[in-house]
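Trainee: okay, here's the prediction I keep looking at, along with the sequence it came from:
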Amino acid sequence: MTHPQTALPQHLLSAADLSRDNALLVLDTAEELARVADRPIKKLPTLRGRTVVNLFFEDSTRTRTSFEVAAKRLSADVINFSAKGSSVSKGESLKDTALTLEAMGADAVVCRHGASGAPHRLAHWIRGSVVNAGDGTHEHPTQALLDAFTMRSRLGRLEALRVAIVGDVLHSRVARSNVLLLSTLGAEVTVVAPPTLLPVGVEHWPCAVSYDLDGVLPKSDVVMMLRVQRERMYGGFFPTTREYSRRYGLDARRMATLPDDAIVMHPGPMNRGVEIAAEVADSVRSTIVEQVANGVSVRMAVLYLLLGGAFVSDMAGAGADVA
Amino acid sequence: MRPLGLDATDLFVEDGALVDEAPAGAQVLDADGLVALPGLVDLHTHLREPGREDAETVETGTLAAALGGFTAVHAMANTEPVADVAGVVEQVWRLGLEAGYCDVHPVGAVTVGLAGEQLAELGAMADSAARVRVFSDDGRCVHDPLLMRRALEYVKAFDGVVAQHAQDPRLTEGAQMNEGAQSARLGLAGWPAVAEEAVIARDCLLAAHVGSRVHFCHVSTAGSVEIVRWAKRKGWNVTAEVTPHHLLLTDDLVASYDPVFKVNPPLRSSEDVEALRDALADGTIDAVATDHAPHALEDKETEWAAAAFGMTGLETALSVVAAAMVETGRLDWSGVADRMSVRPARIGRLTAQGQPLLPGAPANLVLLDPAARVVVDPSTSASRSRNTPYAGRELPARVVATFLRGRPTVLDGKPA
């Protein structure tokens, strides 16, 4: 590996926690670890004896499963602690849940919560590492890492890459983390949305802002479509779903205005026919399935670097042959 | 001592009042180097009793008030049950008398159950033993314009005042913090300044139209200041208060997601803080009011969105005002006395509080050491709650003694 010893911070709460070197270290490590998935036995002994807790206060089968697969491929013990059917649904506080996990000796807690900042609070109460797996309308840093990984593997670079993030920026943790991470990595980000779905204060973000999707597309190497949540459709943020789709949806006609090698991304789950047309989602430009696969590699890298701290090349000594 | 921070002199107290010469056999208190102010008057205190005695009681809250230099507090109506009938306000008033640390003036709810639908029996509360003159649905805004108009008109019969918690409910649905650069970054639902300012503008116009007086609780934005300044220039009978925390703290603190900084109205920008300080200095804002809002630990040790709004403030108010206003040269001690005692007493129609330190006046006074510096330690608070935003912060000035009608409630910074 060519990186200096850039240790990750103890927790991964925000994409802003990562320096450029940190972020590249995660991406490079993920690249090495991705090769494990190509082997008949997809498991490394690196985190044997370590405990990773998936603490999910919101349903999210994809993200939880992705973290679970990642931890298991590193031989960690994985505990899935979901809010439904546990003491949390009986009114247990976040603090008591944290103290319980602490007593069980969790080395890492992967937290998904409906309240912005909940993982920050959790990090005050436990000694292990906290990984933010999506908090309210705040951030989702591993999603941004897997998106950056996907862009780099498809297009070969991140520096000066022109990325359009389109849709409900106001409520999107994916957008917040991507804007922060991509700007750290030298990409040029434009967020595109109707004004009602942009936060007051967006002018302070390290990105450009546009209301005009058609004007932005011809100048984009990457288009990332955000999911329109059902409650926004009825929250008065835009007049009708059809109007939203006409103005901000990515259909085949709009896709044709993109530069030749541009890619289309979506964090999933998609509303086909609303923010993205079926023929776009299934086109060769679409990276949506790759994003899922890359999610596992990136999360392996995050857990590995937070808990193991060593570099991939050291894993040869642990009996692994990935480098 | 130096009354109002002016020339050193002695003060003499006999039978609960200031007199012009030392009574025979008087007890002597060495107050050399201290500043004497009329006892502080808080227009906005949550004592939580009845209903949330786990967070505060009249006794613990008024002791905290005395330690902060207060000789009178206005106890907000959002108790359980709500202080919307004569029986509840009289109960709170009696609990205050029994505790004996400072005068407790209950605030009556404007509407039944704070529900914003029907006027409470304001006259009965005014005529009760508690003699209520300030009415507020604090925590909720009287947002129905017609109901607000009626309330403003009705209280004229007994020289009452409606203290409006200005917050448009629709513009603040789910709101968690000041709307701006920080809320955009932190992903917390924004609380726009306009939600406060629009209600203040409307109520200034309403008060002018019906010839009533109106008071605005805890104004927090530069825009609110401009509107109040405009209304006062018109000669309208408008008064406003600001909290100590809005004079010192900004929304940058929310980045920790520590709910000790969660408060209603929310902490604002540094530009707002500057405007509030200037407005308090030039008298556009009449009074400092603590909005002391104690909360049980479990209501604050949570994720941000689940936490209760509010901060304690009685014991730190004078020090925070010293930091924000005196140390910055915006107010002298006489100005502090005006904004923390004289004017709030006048707004609440309290005739025995906020009087000049002259013979004949009731001996309600506070002695403070202007040179002292204190590090705030929540564990030593007399309040039953610990949700102070100043933990670990060093602040100027210390309350040394408080006298309520000549009787010490605090001596040497401790309960007397």
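Mentor: That came through, no problem.
Trainee: mind listing the helices for the stretch 1-150 of chain A?
Mentor: A:20-34, A:61-73, A:94-104, A:118-125, A:141-155 (DSSP state H, counting those that start in this stretch).
Trainee: now check the shortest one, is it near chain B?
Mentor: Yes - using Cβ under 8 Å from any Cβ of the partner chain as the criterion, contacts between helix A:118-125 and chain B involve A:118, A:120, A:121. In short, each C-beta sits where N, CA and C put it, glycine included.
Trainee: run the angle between that helix and helix A:94-104 for me.
Mentor: 50 degrees (axes from the mean of the first three to the mean of the last three Cα atoms, to 10 degrees).
Trainee: so which residues on chain B come close to chain A?
Mentor: Near chain A, when you scan chain B using Cβ under 8 Å from any Cβ, you find B:176, B:179-190, B:192, B:256-258, B:298, B:301-306.
Trainee: and those, which of them are buried?
Mentor: B:176, B:179-190, B:192, B:257-258, B:301-306 (16 or more other Cβ atoms under 10 Å in any protein chain shown).
Trainee: what sits against residue 165?
Mentor: Reading this off chain A. With contact taken as Cβ atoms under 8 Å, 6 or more residues apart in numbering or on different chains, residue A:165 is in contact with A:175, A:178, A:179, A:189, A:190, A:191, A:192, A:207, A:224, A:226.
Trainee: right idea, wrong chain: chain B
Mentor: B:136, B:137, B:138, B:139, B:140, B:141, B:142, B:217, B:218.
Trainee: how close does residue B:137 sit to residue A:161?
Mentor: Look at residue B:137 and residue A:161: by Cβ to Cβ, to the nearest Å, they are 54 Å apart.
Trainee: count of residues packed around residue B:408?
Mentor: 17 (other Cβ atoms under 10 Å in any protein chain shown).
Trainee: equivalent analysis for residue B:10, please.
Mentor: 11.
Trainee: next one: residue A:133
Mentor: For residue A:133, the count of nearby residues is 27 (other Cβ under 10 Å).
Trainee: how about the nearest residue to it, chain neighbours excluded?
Mentor: With Cβ to Cβ, 6 or more residues apart in numbering or on different chains as the criterion, residue A:133 has its nearest non-adjacent residue at 4.3 Å, and that residue is residue A:112.
Trainee: residue B:324 now?
Mentor: residue B:247 (4.0 Å).
Trainee: go on, residue B:332?
Mentor: residue B:5 (5.9 Å).
Trainee: please name the residues that touch residue A:37.
Mentor: So residue A:37 contacts A:73, A:293, A:296, A:297 (Cβ under 8 Å, 6+ apart).
Trainee: and what of residue B:126?
Mentor: B:108, B:132, B:133, B:155, B:158, B:160.
Trainee: and which of these is nearest chain A?
Mentor: residue B:108 (34.2 Å; Cβ to the nearest Cβ).
Trainee: am I right that the closest one is in contact with residue B:127?
Mentor: No - contact criterion Cβ atoms under 8 Å: residue B:108 and residue B:127 do not qualify, at 11.1 Å.
Trainee: looking at these two, which one has more neighbours?
Mentor: For residue B:108 versus residue B:127, neighbours defined as other Cβ under 10 Å are more numerous around residue B:108 (29 against 13).
Trainee: got the contact list for residue B:260?
Mentor: B:300, B:311, B:387, B:388, B:389, B:391.
Trainee: again, only using 6 Å
Mentor: Applying Cβ atoms under 6 Å, 6 or more residues apart in numbering or on different chains to residue B:260 gives the contacts B:387, B:389.
Trainee: can you tell me the SS state at it?
Mentor: What DSSP: H, G, I helix; E, B strand; the rest coil gives for residue B:260 is helix.
Trainee: check which helix or strand covers residue B:246.
Mentor: helix B:244-248 (DSSP states H and E).
Trainee: who touches that helix?
Mentor: B:220, B:276, B:277, B:311, B:313, B:317, B:320, B:321, B:324.
Trainee: state the pLDDT value of residue A:104.
Mentor: On pLDDT, residue A:104 comes in at 87.
Trainee: and it, how far from chain B?
Mentor: According to Cβ to the nearest Cβ, to the nearest Å, residue A:104 stands 20 Å off from chain B.
Trainee: what's the spacing between that residue and residue A:82?
Mentor: 15 Å.
Trainee: name the nearest residue to the residue of the stretch 201-323 of chain A at minimum distance from chain B, ignoring sequence neighbours.
Mentor: Residue nearest to chain B within the stretch 201-323 of chain A (Cβ to the nearest Cβ): residue A:201, separated by 3.1 Å. The shortest distance from residue A:201 to any non-neighbouring residue, by Cβ to Cβ, 6+ apart, is to residue B:184 (3.1 Å).
Trainee: and that neighbour, what is it in contact with?
Mentor: Residue B:184 neighbours (Cβ under 6 Å, 6+ apart): A:199, A:201, A:202.
Trainee: where does the prediction get shaky in the stretch 251-400 of chain B?
Mentor: Counting by pLDDT under 70, the stretch 251-400 of chain B has no low-confidence residues at all.
Trainee: burial of the nearest residue to residue B:99 once chain neighbours are set aside, as a residue count?
Mentor: Using Cβ to Cβ, 6+ apart and skipping the chain neighbours, the partner closest in space to residue B:99 is residue B:59 (4.3 Å). Neighbourhood size, residue B:59 [other Cβ under 10 Å]: 19.
Trainee: just checking, residue B:59 touches residue B:101?
Mentor: No - assessed by Cβ atoms under 6 Å, residue B:59 is found out of contact with residue B:101, at 7.5 Å.
Trainee: gap between the residue nearest to the spatial centre of chain A and residue A:73?
Mentor: Nearest residue to the geometric centre of chain A (Cα atoms, centre = their mean): residue A:143, 0.6 Å. For residue A:143, the distance to residue A:73 (Cβ to Cβ) stands at 19 Å.
Trainee: in CSV: the helices of the stretch 1-150 of chain A, plus distance to residue A:287.
Mentor: Rendered in CSV, the data for those read as follows (distance: least, Cβ to Cβ, whole Å):
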stretch, distance to residue A:287
helix A:20-34, 14
helix A:61-73, 15
helix A:94-104, 35
helix A:118-125, 27
helix A:141-155, 5
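Trainee: which of these has the lowest mean pLDDT?
Mentor: Between the helices of the stretch 1-150 of chain A, the one with the least mean pLDDT is helix A:94-104; it has a mean of 89.
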